[in-house]
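A.B. asks: have a look at this fold, sequence not included:
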């Protein structure tokens, strides 16, 4: 299975929707697309929607952690939402939920950033 990356800018938030598998074969594509969108779009924050992410390995965790650090260095936030049980377990085991807030859906994530009109 491959990976599709959908990017949407909403005010100063980049919404990233991942569909498929985020692993060592696809991690570089995600890293590049997110870095470029953050820099070019002037996004202060990122919402990472994992609703349609079927699988993720440690390479995916590394990409997410790297973008988190990139945003944090600019006083930005990263929020994760719509996480399926398998990926949720990986986040739990890795400890990423200690630094990344998780929300039920994109709307609640946007509300937490106070950007919903």
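C.D. replies: Received, thanks. Small disclaimer: the values here were computed from a predicted structure and weren't measured.
A.B. asks: tell me the centre residue of the chain?
C.D. replies: For the chain, the residue nearest the mean C-alpha position is residue 48 (2.7 Å; Cα atoms, centre = their mean).
A.B. asks: part of a strand, is that one?
C.D. replies: Yes - using DSSP: H, G, I helix; E, B strand; the rest coil, the assignment for residue 48 is a strand.
A.B. asks: and it, what does it touch?
C.D. replies: 16, 18, 64, 78, 79, 80, 81 (Cβ atoms under 8 Å, 6 or more residues apart in numbering). All C-beta atoms are positioned from the backbone trio N, CA, C, and that covers glycine.
A.B. asks: what bridges to it?
C.D. replies: Beta-bridge partners recorded for residue 48 (DSSP bridges): residue 16, residue 80.
A.B. asks: now residue 100, what's its secondary structure?
C.D. replies: coil.
A.B. asks: what does the pLDDT read for it?
C.D. replies: pLDDT, residue 100: 95.
A.B. asks: contacting residues for it?
C.D. replies: Taking Cβ under 8 Å, 6+ apart as the test, what residue 100 contacts is 64, 68, 78, 79, 80, 91.
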